[in-house]
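> Task: produce atomic coordinates for the following.
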Amino acid sequence: MQDFGPQREQMVRRQIAARGVDEPHVLDAMRRVPRERFVDDAMQEYAYEDAPLPIASGQTISQPYIVARMIELARIAPGDRVLEIGTGSGYAAAVMAQIADDVFTIERLDPLSELARGRFRELGYTNIEVRTGDGTRGWPEAAPFDAILAAAGGPDVPDVLKEQLALGGRLVMPVGESLHHQRLVRVTRVDEFRFEQQDLDAVAFVPLIGTYGWAEDGSRPMPVVHDRDHAPVTSLPSRIAAAAEALPDFGDARFGELFDRFANARVVLLGEASHGTSEFYRARDAITRRLVQAHGFRIVAAEADWPDMAALDRFVRHRPPRAGAEAPFQRFPTWMWRNREFEALVQWLHAYNDGRPADDRAGLFGLDLYSLGASMRAVIDYLDSVDPEAARVARHRYSCLVPWVRDPAEYGRMSVHAGHALCEKAAVEMLIDLLQKRQAYLAEDDGDEAGDDATSWLDATQNARLVRNAEKYYRTMYEGAAESWNQRDRHMFETLQQLLGAGGPHARAVVWAHNSHIGDARHTEMGMRGELNLGQLCKERWGSEAATIGFGTHQGTVAAASDWDAPMDVMAVRPSLPDSYERQCHEAGHEGARVSRYLLDLREGHHEKLREALSTPRLERFIGVVYRPETERYSHYAQAVMPAQFDAYVWFDETRAVEAMPAASREGAVPDTYPFGL
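Below is the predicted model of the structure:
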C-alpha cells in the first residue's frame, strides 16, 4: 500500500506554508489527514496536486490551500464548535476535526453525505456529525457556533447563518452575484446585533444552493408565498428554527449560562406548560442554580403554599425544623413539589448555603394561598412563643374559620348565603395586630441564630396575610371565576413584593409558576375575560426588569389527575393541535431534521421578523394538575400572542412525567432525607 506521507508533507510545505498560512494548528491538521482517502481510488495518485479534484455526484474536493486558508481565516481553535456548509468529500471537516472539539457538517446531496459518514467511521473521526439537508438554513439546534465555513458561493451571507454565530464567532464563505466568481468574506459577530464583514480573496466555488442561496437553475430562489392574511405559509417554522438557540444537557454549565441575558432583572419568572413535566423542573433547576450562584439571586419563590415552603426553607438555610411540624406537601397535588426533580434543587440549595453568612443564604418561599388551616396554626404557634396573650386572642379570632378548614370553599358559599363576610373582620384584625407589634415581637424573639427573629416574624406575618387573603379568595369564588383568580394572583404578587422588600433594595427573585401565572395575561384570552396574573402585575411594576420565560412541549407523558383530588397518573400528552404555537415549534426545522430542545429570545430588538410572525394570535396549551385529553381543545387551549406574553420561550419537543415521591412520612427521628421526610 502506497505511503502518501512524503507527498502530504510536501503539500503542506510548498502549497500551504509557502503561501503564507502559518497557523500551527492548521499546518499540523493538514499533515495528519490523509487526503487520498477522500477521493475515488482512481484519483488517489493526484490527491496532493495543487488543484481541486472531481468527486462523486459531479462535485469537487477543494484545493488543499483554500481549505487551509479558510480554516485559518475562521481562526478555528481547540474547544470550538464548528459548522460546515457543504460536506462534499468530508476532507475539510476532517481537517477541522483535528483542531476543534465538535464539527457539524451539512450536505444537500445524500450520496455524498453517506460517503463522508463512511470515511469518518473508517478513520475514527468521532467528533463529526453529518446531516443531509439545506445548508443555507444552518443547524440552529446545535448553535451557537464559534466558526461557520461554507464551501459553496452564495449571492450574500444569509442572516440565518449569522444569527447562529456565538458572540465573537467568525463566518467565512464565498459571496458574489456571479455563480462561479466570488470573493471570500469573513463575518465576525461583534455583539448581539452587530456584525463586521471583511472582503478578502478572489475565489471560484460551486454555487450554494438552497432557500437562502441560489436555486437549482442558477436563479435566486422565489420569495416565500404568503396567504391572503399576509402571514407566511411556510416560513414560521423555519424562522423559529433560525432563531432557536440549542439547549445542551441540563448538567452542562452552558445550559444555565444561556439565561445570563436575564441576570440583571429584578424578577425572573420561570413558567411551565404543565405541573407534572420533568424537563420543565430540570430546566428551571439549572437556570435557578446559575442565577443564585453567579448572579446573587437569593429568593426562590414558587406557586406553592407558604407553610410548606417554609419547612423547606428552614432546611436549605440550615435552621432547625419546627417542633411537631408536619411533613410538607401532604395535600393534593402532592406530586407538584414532592418529586425527585424539585428535591434536587432543595438539596443543592442546602449544600450551597452551607458555611455562608445567614444573611447571604438563598431561601425558598411559597406564593400561594391554599394553606388556610396550616397558616392559622403557624400564626398561633409564633404568638405562643412571643406573646401568649396575643395567641389567646388569635385562637378566638380564628375560631370563626376553624369549622371551614377542611372545606374552605364551603365558607365562601355560606358567606354569600349570609349576605356578608362571616370572618373577614377577624382575619384583618389579626394581620393588623402583627404588623403594629413588629418591633416588640422582634425584641422578644431571641431566634435560633442571627437574623432568625426577623425571619420568624416575617413568616408569621405572611401566614396572617395569607389567612386574610384566603378568606377573601374563598368568598370571591362565588362572585365569579375571574375575580377569584385575580385575588389569588394579587396575593402571589403581594407576597413577592413583601419578600423583595424584606431582602432590601438589591434583592432579586426567581419565581417558579405555571405559564398561566407568569405570562402577561393582557396578551392572552385570560385578559379578554377580565383576568390578570402575576406576570402582568410584575410587568406593570418593574417593566423590563421582570423577565417572563414560558415553557412548552409537543407530546410525551405528564403526571396529572383526571379530576381535582383524584389519584395521580402518568398520562400520555397528545400531539399538539395543528393551529397551535406548539405545533409551529414542533415543525421548526427542515427536511425531516427536527429542532428538539431550544431557547427562543422573544424580547424587543431580537429576531423582529420572528416576533412579527408570531404576533398573530394562536392557540397555546395549558395543562395544570388536571388533564383531560378527551376534551383537550376546550379544556387546555386558549388564544395568546406569544412574543407579547413572554420574553423568552423554552421548548422541549418530547417530555416525560416527573418522578413523584411518596407522600407518607416515617415516624421517629428526622430522616436523612429531611425535609421531605422519606
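> what kind of secondary structure is Ala265 in?
coil (DSSP: H, G, I helix; E, B strand; the rest coil).
> close enough to count as contact, it and Val511?
No. Taking contacts as CB atoms under 8 Å, Ala265 lies outside contact range of Val511: 10.7 Å. All C-beta atoms are positioned from the backbone trio N, CA, C, and that covers glycine.
> More neighbours: the two, which one.
Per other CB atoms under 10 Å, whichever of Ala265 and Val511 has more neighbours is Val511, with 30 against 22.
> contacting residues for Leu500?
Arg266, Val267, Ile299, Ala507, Arg508, Ala509 (CB atoms under 8 Å, 6 or more residues apart in numbering).
> ranking the residues you listed by neighbours, who comes first?
Result: Val267 is most packed of those (other CB under 10 Å), 27 neighbours.
> If it is in a bridge, with which residues?
Ala509, Ala546 (DSSP bridges).
> Local confidence estimate at it?
pLDDT, Val267: 98.
> and if you look at the one 5 residues further on?
Glu272 carries a pLDDT value of 97.
> now the strands: where do they sit in the stretch 301-450 of the chain?
363-368 (DSSP state E, counting those that start in this stretch).
> For it, give me the ranges with low pLDDT.
By pLDDT under 70, the low-scoring segments of the stretch 301-450 of the chain are 416-420, 439, 441-450.
> Apply 90 and report the result again.
306, 320-328, 330-332, 369-450 (pLDDT under 90).
> OK, contacts around the closest residue to Ala244 other than its chain neighbours?
Nearest non-adjacent residue to Ala244, counting by CB to CB, 6 or more residues apart in numbering: Tyr598, 3.7 Å away. Taking CB under 8 Å, 6+ apart as the criterion, Tyr598 is in contact with Pro140, Glu141, Ala244, Glu245, Ala246, Leu247, Ala588, Val650, Trp651.
> how close does Tyr598 sit to Arg81?
15 Å (CB to CB, to the nearest Å).
> can you check Gly176 too?
28 Å.
> got it, and Asp381?
Distance from Asp381 to Arg81, by CB to CB: 55 Å.
> Make JSON lines from the contacts of Tyr598 and add neighbour count to it.
Shown next, in JSON lines, are the contacts of Tyr598 (neighbours: other CB atoms under 10 Å):
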{"residue": "Pro140", "neighbour count": "25"}
{"residue": "Glu141", "neighbour count": "22"}
{"residue": "Ala244", "neighbour count": "28"}
{"residue": "Glu245", "neighbour count": "18"}
{"residue": "Ala246", "neighbour count": "20"}
{"residue": "Leu247", "neighbour count": "21"}
{"residue": "Ala588", "neighbour count": "25"}
{"residue": "Val650", "neighbour count": "27"}
{"residue": "Trp651", "neighbour count": "26"}
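> Retrieve the pLDDT associated with the residue lying closest to Glu23 once chain neighbours are set aside.
In space, Glu23 comes closest to Glu72 once its chain neighbours are excluded; the distance is 4.8 Å by CB to CB, 6+ apart. We have a pLDDT of 96 for Glu72.
> before we move on, what about Cys585?
93.
> Now do the contacts for it.
Pro237, Ile240, Gly552, His554, Tyr649, Trp651, Asp653 are the contacts of Cys585 under CB under 8 Å, 6+ apart.
> Out of the residues you listed, list just those in strands.
Gly552, His554, Tyr649, Trp651, Asp653 (DSSP state E).
> re the thing from before, quick check: the gap between the residue nearest to Glu23 and Asp201.
Taken as CB to CB, the span from Glu72 to Asp201 is 12 Å.
> So between these two, which is more surrounded?
Glu72 (18 against 13).
> tell me which element the more buried one is part of?
helix 64-73 (DSSP states H and E).
> Determine the set of other helices and strands touching that helix.
helix 24-32, helix 91-97, strand 165-175, strand 182-189, strand 195-203 (3 or more CB pairs under 8 Å, 6 or more residues apart in numbering; DSSP states H and E).
> got the angle for the following helix or strand past it vs strand 165-175?
For helix 64-73, the succeeding helix or strand toward the C-terminus, using DSSP H and E, is strand 81-85. With axes from the mean of the first three to the mean of the last three CA atoms, to 10 degrees defining the directions, strand 81-85 sits at 30 degrees from strand 165-175.
> outside of strand 81-85, which residues touch it?
Against strand 81-85 from outside (CB under 8 Å, 6+ apart): 74, 76, 92-93, 96, 100-106, 135-136, 138-139, 142-152, 161, 164, 166, 173, 208.
> CA atoms only: put it into PDB for me.
C-alpha atoms of strand 81-85 as PDB (Å, rounded to 0.1, in the frame of the first residue of the first chain):
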ATOM      1  CA  ARG A  81     -17.800  24.200  17.800                       C
ATOM      2  CA  VAL A  82     -17.800  24.500  14.000                       C
ATOM      3  CA  LEU A  83     -20.400  24.300  11.300                       C
ATOM      4  CA  GLU A  84     -19.500  23.500   7.800                       C
ATOM      5  CA  ILE A  85     -21.900  24.100   4.900                       C
END
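> now the angle between helix 64-73 and it, please.
Using the same axes, to 10 degrees: strand 81-85 against helix 64-73 is 140 degrees.
> Show me what strand 81-85 pairs with in its sheet, parallel or antiparallel.
strand 102-107 (parallel), strand 145-150 (parallel).
> Just send those back as JSON lines, with mean neighbour count, mean pLDDT and distance to Gly543 too.
Shown next, in JSON lines, are the strands paired with strand 81-85 (neighbours: other CB atoms under 10 Å; pLDDT from 0 to 100; distance: least, CB to CB, whole Å):
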{"stretch": "strand 102-107", "mean neighbour count": "25", "mean pLDDT": "96", "distance to Gly543": "39"}
{"stretch": "strand 145-150", "mean neighbour count": "26", "mean pLDDT": "96", "distance to Gly543": "33"}
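> Distance to Ala362 added to the ones you listed, as TSV?
Shown next, in TSV, are those (distance: least, CB to CB, whole Å):
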stretch	distance to Ala362
strand 102-107	34
strand 145-150	33
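> and the angle for the helix holding Glu72 with strand 182-189?
Using the same axes, to 10 degrees, helix 64-73 lies at 20 degrees relative to strand 182-189.
> Measure how helix 64-73 sits relative to helix 24-32, angle-wise.
Going by the same axes, to 10 degrees, helix 64-73 makes 150 degrees with helix 24-32.
> how about helix 64-73: buried residues?
Neighbour-count burial for helix 64-73 flags Pro64, Tyr65, Ile66, Val67, Ala68, Arg69, Met70, Ile71, Glu72, Leu73 (criterion: 16 or more other CB atoms under 10 Å).
> Looking at the residues you listed, which is nearest Ala18?
Tyr65 (9.4 Å; CB to CB).
> Could I get the contacting residues of the closest one?
Tyr65 sits in contact with Gln15, Ile16, Arg19, Val21, Asp50, where contact means CB under 8 Å, 6+ apart.
> same thing but 10 Å
Met11, Arg14, Gln15, Ile16, Ala17, Ala18, Arg19, Gly20, Val21, Met30, Asp50, Ala51 (CB atoms under 10 Å, 6 or more residues apart in numbering).
> hmm, back to that, which stretch among the helices and strands packed on helix 64-73 comes nearest Gln436?
strand 165-175 (53.3 Å).
> low-scoring stretches of the stretch 151-300 of the chain, by residue?
155-156, 159-160, 163, 176-183, 190-194, 200-207, 210-239, 241-242.
> and the top helix by length along the chain, what does it pack onto?
The residue-count maximum for a helix in the chain (DSSP state H) belongs to helix 452-476. Judged by 3 or more CB pairs under 10 Å, 6 or more residues apart in numbering; DSSP states H and E, the packing partners of helix 452-476 are helix 306-316, strand 363-368, helix 372-386, helix 388-398, helix 408-418, helix 424-436, helix 438-444, helix 481-503.
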